[in-house]
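K.L.:
Output the structure for:
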Amino acid sequence: MSNTTSDLHSRLLRLSEPIAEILRRTQYTPQESSKVSTKDILLSLLPTTSSSPPRLLDQEQSLATIKSLALACALLSSSRSSTHELLSWIPESLSVAGGSAFSEISRDYFSDNNAEKRLVIELLPVVLPELKDGIEGSSMGKDSDAEDVTAALARKPVGYAILASHQLKWFVTQVDKPNLANVCNLVVPCALTALDHWSPDVKRQGMISFVHLAKNVSSGDLGSYGDVVLDACCQNIASDDEIWIHVVELSVLLVTKLHPNNPRSSWYEKIMNEMLGHLERQPRNKERCIAWLTFVEPLLNSLGLFLLAHFRRIFPLFFQWMHSDDAETVLLVLERVETVVKLTWIRNSPVVPRLVEELVSLYKESSMRKERDEIRTLILRILKLLRECKRLQFESAWRQYQEDPNLGMVEEYIR
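P.N.:
Numbers count the residues shown, from 1 in each chain. Model prediction:
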């Protein structure tokens with residue numbers, strides 16, 4: 001890439017022209033409550049003919065010149081996966097134009113197949129501090145009740161933080177292993193700022209960023225940030241339902257990565273207790289239940305026999321969910337019950353008679369379900385496991401069902 005101002009600036013102008021043209025044509029009326037105009041922000045990020053940077057550019061100055069257009073492209077690309085009112089108005093043609101512009105400037109800057117990824121990595125030290133400030137601008141202090149009126153008035157509208165958090169997620173998710181490990185010290189403070197924000201919309205983008213980070217770095221790469229991030233997860237477990245799925249996925253992913261083969265870690269107990277408490281408050285909340293059952297398997301596997309300490313809270317939830325009208329919930333809970341039985345063999349627990357009773361009841365209930373075969377296959381496997389690991393208790397609990405003509409197949413299978 002040429003290092004003259006005129007060359008770089010003219011290229012940026014050329015690349016931004018299609019974006020500016022579509023942007024000006026697109027109808028957009030910001031909601032009065034938001035106090036933020038995404039369209040105005042996007043236009044302000046595009047290069048203009050009036051700017052006049054120095055004649056010669058070093059690498060740092062080049063990146064600073066590219067930064068604004070890159071931030072605009074990040075917002076436009078983020079609109080594809082967002083339903084938020086600040087981004088949902090952006091048409092597909094504008095998102096495509098943003099992606100194309102970033103691809104072209106990347107190829108100008110790095111002439112190889114990984115040009116886009118390399119440019120993102122180069123830009124992270126430039127954009128992340130700015131995004132962190134944008135998120136912090138509307139956040140509250142830890143002691144928000146004691147915050148004075150002056151500080152409250154000085155906060156920016158939350159829309160700025162929402163847009164900055166979407167840009168954060170876009171930049172972070174463009175990089176994967178092994179490169180992401182090299183920028184952990186830049187990404188984590190910014191993503192933590194999003195996690196600590198009061199807005200669920202900002203928190204969600206921070207959590208998605210952290211999930212991507214955790215999947216692409218090692219526990220050693222996270223270093224001293226590990227416990228800080230886990231603490232932030234615990235603080236967010238009792239959260240709005242709209243971000244619960246991300247809280248569960250992130251918490252399970254992090255604790256099992258940072259403390260593998262160490263179920264005695266206090267973080268396992270803290271996270272499990274917080275999650276169970278949140279589930280117990282609304283046990284019939286379908287979305288909350290499915291999210292937990294979907295992502296909790298690695299946590300169960302890591303806890304192993306230590307799950308016994310949680311039986312008195314887990315199984316009442318399992319017994320409720322088994323009889324849900326929703327087939328997805330029923331299948332998920334049966335899979336998790338099978339996992340728990342395999343891991344613990346239900347040692348020293350009085351749960352066996354009740355479990356047999358509930359499984360038999362569900363077996364009969366399932367006769368009219370479309371997913372009958374899938375449900376019954378799981379029930380048969382669990383009953384056979386119970387017979388193998390708790391023979392005397394199982395036989396005692398099963399005796400009352402031996403002569404039931406509707407359970408002939410079960411009797412045959414478990415023997």
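K.L.:
Following element in sequence after the helix or strand containing Leu332, please.
P.N.:
Assigned by DSSP states H and E, Leu332 belongs to helix 327-344. Next helix or strand after helix 327-344 toward the C-terminus (DSSP H and E): helix 351-365.
K.L.:
so where is the stretch 1-150 of the chain shaky, pLDDT-wise?
P.N.:
Where the stretch 1-150 of the chain drops to pLDDT under 70, the residues are 1-6, 49-60, 141-150.
K.L.:
if you set the cut-off to 90 instead, what comes out?
P.N.:
Scanning the stretch 1-150 of the chain with the threshold set as pLDDT under 90 gives 1-16, 18, 28-35, 47-65, 108-114, 138-150.
K.L.:
now the stretch 151-300 of the chain
P.N.:
For the stretch 151-300 of the chain (pLDDT under 90), the answer is 151-156, 223-224, 238-242, 261.
K.L.:
sorry, back to before: what's the angle between the helix holding Leu332 and helix 351-365?
P.N.:
Computed with axes from the mean of the first three to the mean of the last three CA atoms, to 10 degrees, the direction of helix 327-344 lies at 150 degrees from that of helix 351-365.
K.L.:
Just the residues contacting helix 327-344, thanks.
P.N.:
286, 289-290, 293-294, 296-297, 300-301, 303-305, 307-308, 314, 318, 321-324, 355, 362, 369-371, 374-375, 378-379, 381-382, 385-386, 389 (CB atoms under 8 Å, 6 or more residues apart in numbering). (Glycine included, C-beta is placed from N, CA and C.)
K.L.:
so Arg80 touches Val96, yeah?
P.N.:
No: applying CB atoms under 8 Å, one finds Arg80 not in contact with Val96, separated by 9.2 Å.
K.L.:
Flag every buried residue along the helix holding Leu332.
P.N.:
Of all the residues in helix 327-344, those buried under the rule 16 or more other CB atoms under 10 Å are 329-334, 336-337, 340-341, 343-344.
K.L.:
ok, now stretch 120-138?
P.N.:
The neighbour-count check on stretch 120-138 (16+ other CB under 10 Å) flags 120-124, 127-128, 131-132, 134-136, 138 as buried.
K.L.:
wait, Met275 sits on Ile237?
P.N.:
Yes: the pair Met275 / Ile237 is scored as a contact, 5.9 Å apart, by CB under 8 Å.
K.L.:
Relative to the whole chain's centre, how far out is stretch 217-233?
P.N.:
16 Å (CA atoms, centre = their mean, to the nearest Å).
K.L.:
Pull out the CA atoms of it and give them to me as CSV.
P.N.:
What follows is stretch 217-233, C-alpha atoms only, in CSV (Å, rounded to 0.1, in the frame of the first residue of the first chain):
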residue,chain,number,x,y,z
VAL,A,217,-8.0,-19.2,23.6
SER,A,218,-6.6,-21.4,26.3
SER,A,219,-7.1,-21.0,30.0
GLY,A,220,-3.5,-19.8,30.2
ASP,A,221,-4.2,-17.0,27.7
LEU,A,222,-6.9,-15.6,29.9
GLY,A,223,-4.4,-15.5,32.8
SER,A,224,-5.3,-13.4,35.8
TYR,A,225,-8.6,-12.3,34.1
GLY,A,226,-10.1,-15.7,34.7
ASP,A,227,-11.6,-15.2,38.1
VAL,A,228,-12.7,-11.6,37.2
VAL,A,229,-14.7,-12.9,34.3
LEU,A,230,-16.2,-15.7,36.3
ASP,A,231,-17.3,-13.2,38.9
ALA,A,232,-18.9,-11.1,36.2
CYS,A,233,-20.7,-14.3,35.0
